Every structure is written in C-alpha cells, then in structure tokens.
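Asks: with the input below, show me the fold.
(one chain, ligands or ions: 2)
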Amino acid sequence: MTQMFEVMPDSHVVTISRFLVDEQRLHPEATGAFTDLLQDIAVAAKVIGREVNKAGLADILGSSGDENVHGEQVQKLDVFADHVIRKALDHTGLVACMASEESEGLISIPEKFPAGDYVVIFDPLDGSSNIDVNVSIGTIFSIHRKRSKDDRGTLDDCLQPGSRQVAAGYVLYGSSTMLVYTSGAGVHGFTLDPAIGEFLLSHPQMRFPEQPQKVYSVNEAYFNRWDPQQQQLVTHLKNDAGFSSRYIGSFVADIHRTLLQGGLFMYPADNKSPQGKLRLLYEAAPMAMIVEQAGGRATDGCRTVLEIEPQTLHQRTPLYMGSRQFVDLADSFF
Ligand code: AHM
Ligand code: MG
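Replies: Ligands and ions are numbered 1, 2, ... in the order given. Model (predicted):
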C-alpha cells in the first residue's frame, strides 16, 4: 500500500546553507567567506549537539572517567566543544585568530594554515554545570573583522566593542538543537532536523513580542548581596508590576525564552562580584547584538552593552537585557 504523507501547502524547506547563500546574493561584493564561516560554525554545532545529546549515556557507555573504552583520553564536554570549534575553523583560511572562554589568551591559527580576515570569539559550552542534570546548554559566538595589519591578528582585534561585530549567534542544545544568528539584518533561527542532519529555517526574522510576558529572570538568591537600587527594582517588579519569575541558570536558554516570550533578564553586580559574572566578549556582547537586532535592549545598568570598549579578554559585565520597555524600566532605577 502506498504510504500517504501530509504536505503543508505553503511551507518551504530552507536549509541554513540555502538561506546563507540567498543572503549572500543580496551583497554582490561578498566573497562568500562569511557564508563559509557560518556554515563551518553550523557543522561544529552539529558535532557538539551530537555529543551533548549522548551526555547522559556517558556512565553506561563507560566514558565518564579519564579514559574511554578504547583507552583514549576522554574530555569534559566543554573542553571537547572548545576543541571542535577550533578544529572546525583553524584550517579554513577564513579566520585570523580566535578567543575562547575556555582559554586564557588569544588562539593563533597554526602557521601551516592560511589566515583570513575574521576574528571568532566563542563560549564553546555555556552553562556546562547544567549538563549533568540534563538542562539545556548553549554555544555562543561573536564574529569581528580583523582591524590590525597583522596577518594573524592581535589581541586588539578581539578587544573591539560589540557594535563592531559583523555577526553573532548562539546554539541552544535543548529539546531541539537550534542555531540563532544575526549578521545585522534581523535575527534568524534554524532548528536541527536530526534525521537529515540539517538546520532548517524555523524562526525567520525573530522579534521580541509587542506584548511581552511580564517575566524577570535573575538569580534572586543573591538578593542580599545586591545594592539597594537592584533590590528595589526586583521588589517593584514582583510586588507592584505583576511580574512572574523564570530562571534556568543557563544563559542561552534564559535568553532564548526571553526573546521568544518577552521579559527582562538580569545578571547584576553584587558585593561579591562587583562586575557580575557574565563575560563581555563571550556572552554579553554577542547576545546584545542579537537582542538589539530583535528589537530589544541590552545594558550594563548604565551603558549600552554594544558600546563598551573591552579592556581584557575575560572581563565581566553586569547585564540587563530583554524587551525594550522592561530594560527602560530597569534603567529608571539606576
Ligand atoms: P559558565 O560560563 O561557568 O557556564 O557560567 C555561566 C552561567 C550562565 O549560563 C548563567 O546565566 C549563569 O552562569 C548562572 O549563574 P548563577 O548560577 O550564579 O545564577
Ligand atoms: Mg559561559
């Protein structure tokens, strides 16, 4: 008997490759290098996603110790993710240098490979403490163009303000694996179809909802460490403004929810961490580009995140991001 499949009459299947190529056609001057770079990042995301999905099996498959069943060294998933991204990009001739939240200094491209014009800064697996409890985690990436004359880039090429990013994105390893990116012309989301191994366009032109859910997202256990303005803001949100609260404790997942449903994400400074916890280059700036491209706002409580001039690779920043009207409201407390 012939099997019947229901076909949605108006649906189009658009792979991330097709989407990137179509976008590239809008820029006749484009060389294709940027398209190739994003495709390489998408491949790295699939490899990381595959391992993340198997993480819970590590114990039964015998690879939770330092060695796996083949006697090979087993890496922690965040170190593995770091390695995958480096190896996906270092030989391509597209990248001048990289920086990773997992490494202290600049990552140079080995001399045996050609160097390119792009600088890639990434947090290979953010929220990795959530892996063991099967909570969503993510990869975050930020792409700049090299501005130094040095063939292989310098630290200075990484220390550019977020406003100079040419693209930024994240991958969420959740109930589905999603890749969300912007190159300055809106935010687009792709969901991995594991059966065919392709990221398919599922969320074109993502925008914060006009009528956002009144939700704040913050680790409220730190309330007593906050300064009075921060305490007053959260007290106002819950007692006067009718907000509810959601906090996963996994940055990519918290921001993804905030983007889809609206809300206010905060990781403020406190008296133990005067600069907050999140890193400007690996976490705050790329997410700020996405949030602003989707119609939201991102600040450190007084400055626009995208305008902060980084001084060091691992510098931290307090962070407020989400629906524009809620970030404005937060501002009014500072
Ligand atoms: P990590 O870079 O060590 O993974 O930490 C970053 C994570 C973010 O995903 C999350 O927003 C934050 O730490 C949660 O911190 P806290 O446990 O202090 O609320
Ligand atoms: Mg991180």
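
Asks: what residues does the stretch 101-250 of the chain put near ligand 1?
Replies: Listed as neighbours of ligand 1 in the stretch 101-250 of the chain under the rule CB under 6 Å from any ligand atom: 126-128, 219, 249-250. No exception for glycine: its C-beta is placed from N, CA and C like everyone else's.

Asks: residues contacting Ile290?
Replies: Contacts for Ile290 (CB atoms under 8 Å, 6 or more residues apart in numbering) come out as 168-170, 180-182, 187, 255, 259.

Asks: where's it, which helix or strand?
Replies: Ile290 belongs to helix 285-293 when assigned by DSSP states H and E.

Asks: which is the next helix or strand following that helix?
Replies: Next in sequence after helix 285-293, counting helices and strands by DSSP H and E, comes strand 297-299.

Asks: what helices and strands are in contact with that next one?
Replies: For strand 297-299, the elements it packs on are helix 285-293, strand 319-322, helix 324-331, judged by 3 or more CB pairs under 8 Å, 6 or more residues apart in numbering; DSSP states H and E.

Asks: the nearest residue to Ala241 once chain neighbours are set aside: how many residues sit nearby?
Replies: Leaving aside its sequence neighbours, Ala241 sits nearest to Lys214 (CB to CB, 6 or more residues apart in numbering; 6.6 Å). Neighbour count for Lys214, taken as other CB atoms under 10 Å: 17.

Asks: next, the contact list for the residue in the stretch 51-200 of the chain that ligand 1 sits nearest to, please.
Replies: Ligand 1 sits closest to Gly127 of the stretch 51-200 of the chain, with a gap of 3.5 Å, by CB to the nearest ligand atom. When contacts are counted by CB under 8 Å, 6+ apart, Gly127 touches 135-138, 249-253.

Asks: same check, this time on Asp123
Replies: Each residue near Asp123 by CB under 8 Å, 6+ apart is listed here: 100-101, 139-141, 279, 282-283.

Asks: kindly report the same for Thr312.
Replies: Leu159.

Asks: where does it land in three-state SS?
Replies: coil (DSSP: H, G, I helix; E, B strand; the rest coil).

Asks: just the pLDDT at it, thanks.
Replies: Note for Thr312: predicted pLDDT of 97.

Asks: and the gap between it and Asp126?
Replies: Look at Thr312 and Asp126: by CB to CB, to the nearest Å, they are 19 Å apart.

Asks: what do you get for Tyr267?
Replies: According to CB to CB, Tyr267 and Asp126 sit 12 Å apart.

Asks: Glu111 now?
Replies: Separation of Glu111 from Asp126 (CB to CB): 31 Å.
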